[in-house]
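Engineer: have a look at this prediction, sequence included:
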Amino acid sequence: MDNVLLLDQLPIDSRSSLASPLGGPGDPVLEVRNAVKTFGQTQALRGASLQVRAGEVHGLVGANGAGKSTLVKAISGALRLDSGTIGLGDFSGPSITTREAHAQGLATIYQDPSLVPTLGLTENVMLGREASRAGIFLLKSRERREVASSLVTVGLTDRPYLTAGELTPSEQQLLEVAAAIHRRARVVIMDEPTAAMGNTERDRIFEVISVLRAQGVGILYISHKLHEVLSICDRITVMRDGRDVATGAADSLDQDRVVRLMIGRELKKAQRTTRALGEIALKVSGLGQSQRLRNISFDLHAGEILGITGLVGSGRSRLGRTLFGAEHFDEGRIELFGIPYKPSDPHAAIAAGVGLVPQDRRREALLMSMSIRDNITLARMPMLSRLMVNVSAQRVAARRWVEHLKIKTFSIVARPSELSGGNQQKVSIARWLHAKARVVIFDEPGQAVDVGAKGEIFAAIRQLADEGAGVIVISDDIEELQQMVDRLLVMRAGRITGELAPDEITEELVLALEMKSTTVSTQES
Amino acid sequence: MAMATSRTGNPVPPEKGSLPEKLRGAYLSLLGMQKSKAVLNETAPEKPRGAYRAFLNVHKSKAVLVAVLLALVVVTSIISPVFLTPNNLLNILIQVSIVGILACAGTMVMVSGGIDLSVGSSMSVTGTAMAVLMVAGVNIYLVMLIGIGIATFVGLINGVLAAFAKTHPFILTLGMLTLLQGAALLISSLPVVGLPREFTSMLSLRPLGIPLLVLGFVFVAITVGFILTWTPLGRRLFAIGGSETAASLAGIRVRRTKIGVYALNGMFVGVAAILLLMLFVSSQPRMGAGLELVAIAAIAVGGTPLAGGRGDVVGTVLGVVLLGMIGNALTLMRVDTNIQYVIQGIVIIVAVMAQRDWSRSR
């Protein structure tokens, strides 16, 4: 930091010579040219180029499979390019090792923080660069002193016995940034840093990014959240099919253009046509759960997509889980197609024809170690007898759904982890279609998937509704809700505070409803 | 802190609204809905209460161990007046010292997420080989060095296997256990007798007034304790045990470190083998068999999880002493040997379960 302040006070012409260890402002600190990488049959990179300058926040966007992560892996030394050059600091060549990349001042902050959960904050920052006397005796108090300022920059404080594993995911991200700062990294790659962040933490990380930028660090910022990329980046590179299709100043781009560049065509928005509603699929009246859900009443019709939104802690996800029997209610009643419905557990809910696609697809919705076939038929397994699974019927059913929903996979025995986010979501939809679910609840269906996949997912959800299911979509992405739902319920502090028609959904109105009452009542969490 | 999310058992989903963030943040804090993160220093200053609680949590498991030990001492000394005599206590230490050395050295391996099941057989091989050499008239000091060399080499092989094979070291070193047992029998399937008195009489040495066996245990315990808490190597072992990926991304040479820790473990096994040979006076081809399991039990009782990333030598020493004391106390109470096994087994199970619960509540 001191360096930068000093530089600013110097006359311009002497800067370049002095600034060389940091890279002068505007000088490229990272340069990739014509990167090519092939994995078996698929060409992940077909001549991608990228340049990040000192003191610049450079956005890297692209649909899933565009080659962003392959490129990042090549830069950070996790894999070797087939051809092309990587220029990083003093290094220039077709492939760099992790150590060399480290030595040249590169820090990569992955989406899943790579920290040692059982070590303390300071220990994690110092990992691999321990301060010691003669390599034998650790200087722990010196380490703590040294690291403290980097921790303060990101807003963390070390405490005795606090381990990295106890931090929230966003605090862990911040800790990694602190490590990068401490290491005086000259290039920092951030892969979806805000994916698991609330507003405070996000603001915090943006502040930290601007501090880094002011220090002349080059930042490569990868995200699916286009509005974020557009607002914090100086320049943006768009990737598609393993190539960089455009690089330009963020000011000269807008969301629509970026999306067009990313997918190479106009974004297909889910068509919403007014339809006659079917019978009432789910009738909820006066539902309550101690202090968390209060007097919730609504009807859901067959063929309808009902949106539910609210702030974190408003009870929207809890409502979804309650309808699915994962949580119990103690007041009110629910009717499912006219029949009283009080599921004791998810098993009972599934038997009654209610399905839930949880928010965390990887952990809760799909079994990553099982085949797509098994995942699809999990909730209703075709049986030969009480004890034997009818594998051929399973296969037939799985093939039918893969074809029906146009799930892109090479085989029904592939693992869901080999599919794109959108196709994974389709597999969980197929599971409920197969289980003949009549009411399906989606918790944040569009989260952490790219724009292209989002469109596919919405289309699949629409299809589910068109086939006569009642669909509930829990989300806080207003745009997503505008596109998708037939009706929107807004929740606050466990109550429904408003109902909006699709054309009434605006951010201002939704926020107003989310904040409706000014009395602060017991919060959910 | 992190608890803000996990108290309800469900993670708070990330906020994604596209409104001007500042505005929304302001609204939220106005309503007091902002999640306060104790660690974020702007929202809450460091609270000593948290540190105090963390301290308690970390040391709770050890406090439990100490409490159990004390209870055992009190109960046994009431029943048997011999128990609390200095002689008997020293006896206990002498009895546990060889297992103690194995356990302390093994703690390093377990902290790094590994395990070495072959240490018992390694002692058998080393002991037998040393006995054969000594009987053949080789200088005993040279033989001891060779012994340490053999055990270190065995450890090195284990380390290479653990570092490069994509299989859990449990299975690898289990194979090594069988292999080494065979090797010991090949060297000499019969006891080797007639070791030089110069060697066997060393056991009665009392440098600093401490029996040689106990001194060996104390030396290894302190050395390993120092390595784990005060050296970069120790920190790297914790890192590898906590997350191998994170460790290697931080530039730690994971393989090299693993090979090193197994070799170091082997070196201490060599020391233990020398002491064991002195104790046995003659070599037995199965002299070390089964000791590795006692050592691992002691490590687990002492609070080092099998998965690694946590643990320390103090816990291991407490575990070793606890197991030794139970055996001693039961003998003094004239409990049948067969029943002693049952009771010791129960103690191990209960102690390890207690450890797990503490560490989970953290």
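Structural biologist: Received the coordinates, thanks.
Engineer: the residue nearest to A:I280 when sequence neighbours are not counted: how many residues sit nearby?
Structural biologist: Leaving aside its sequence neighbours, A:I280 sits nearest to A:D299 (CB to CB, 6 or more residues apart in numbering or on different chains; 5.1 Å). Bear in mind the C-beta positions are built from the backbone N, C-alpha and C, glycine included. Neighbour count for A:D299, taken as other CB atoms under 10 Å in any protein chain shown: 17.
Engineer: check whether A:D299 sits in a helix, strand or coil.
Structural biologist: Put simply, A:D299 is strand when judged by DSSP: H, G, I helix; E, B strand; the rest coil.
Engineer: how about the helices of the stretch 101-250 of chain A, start to end?
Structural biologist: A:121-126, A:140-154, A:169-182, A:199-214, A:226-232 (DSSP state H, counting those that start in this stretch).
Engineer: now render the ones you listed as JSON lines, adding mean neighbour count, distance to chain B and mean pLDDT.
Structural biologist: Output for those, formatted as JSON lines (neighbours: other CB atoms under 10 Å in any protein chain shown; distance: least, CB to the nearest CB, whole Å; pLDDT from 0 to 100):
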{"stretch": "helix A:121-126", "mean neighbour count": "26", "distance to chain B": "6", "mean pLDDT": "90"}
{"stretch": "helix A:140-154", "mean neighbour count": "17", "distance to chain B": "7", "mean pLDDT": "88"}
{"stretch": "helix A:169-182", "mean neighbour count": "25", "distance to chain B": "6", "mean pLDDT": "87"}
{"stretch": "helix A:199-214", "mean neighbour count": "19", "distance to chain B": "4", "mean pLDDT": "86"}
{"stretch": "helix A:226-232", "mean neighbour count": "18", "distance to chain B": "6", "mean pLDDT": "87"}
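Engineer: which of those helices sits closest to B:S97?
Structural biologist: helix A:140-154 (30.6 Å; CB to CB).
Engineer: and that closest one with helix A:199-214, angle?
Structural biologist: 100 degrees (axes from the mean of the first three to the mean of the last three CA atoms, to 10 degrees).
Engineer: contact residues of the stretch 351-500 of chain A facing chain B?
Structural biologist: A:Q359, A:D360, A:D443, A:E444, A:Q447, A:D476, A:D477, A:I478, A:E479 (CB under 8 Å from any CB of the partner chain).
Engineer: over to the stretch 1-150 of chain A?
Structural biologist: So the stretch 1-150 of chain A meets chain B at A:98-99, A:102, A:108, A:114-119, A:123-124, A:126-130, A:132, A:135-138 (CB under 8 Å from any CB).
Engineer: tell me how far the ends of stretch B:236-249 are from each other?
Structural biologist: One end of stretch B:236-249 sits 12 Å from the other (CA to CA, to the nearest Å).
Engineer: just to revisit the earlier point, among the residues of the stretch 1-150 of chain A next to chain B, which ones are in strands?
Structural biologist: Among the residues of the stretch 1-150 of chain A next to chain B, DSSP state E puts A:T108, A:S132, A:F137, A:L138 in strands.
Engineer: just to revisit the earlier point, tell me the bridge partners for the residue nearest to A:I280.
Structural biologist: Counting by DSSP bridges, A:D299 is bridged to A:K283.
Engineer: re earlier: now the helices of the stretch 101-250 of chain A in TSV, with distance to B:T85?
Structural biologist: Compiled in TSV, those are given as follows (distance: least, CB to CB, whole Å):
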stretch	distance to B:T85
helix A:121-126	44
helix A:140-154	41
helix A:169-182	53
helix A:199-214	61
helix A:226-232	73
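Engineer: nearest to B:L233, out of those?
Structural biologist: Here helix A:121-126 is closest among the helices of the stretch 101-250 of chain A (CB to CB), at 13.6 Å.
Engineer: re the thing from before, mind listing which of the residues of the stretch 351-500 of chain A next to chain B are in helices?
Structural biologist: The helices, defined by DSSP state H, take in A:I478, A:E479 from those.
Engineer: quick check, nearest of the residues of the stretch 351-500 of chain A next to chain B to B:L279?
Structural biologist: Among these, A:D360 lies closest to B:L279 (CB to CB), at 56.7 Å.
Engineer: distance of A:Q43 relative to A:A66?
Structural biologist: Distance from A:Q43 to A:A66, counting by CB to CB, to the nearest Å: 12 Å.
Engineer: kindly report the same for B:Y341.
Structural biologist: According to CB to CB, B:Y341 and A:A66 sit 63 Å apart.
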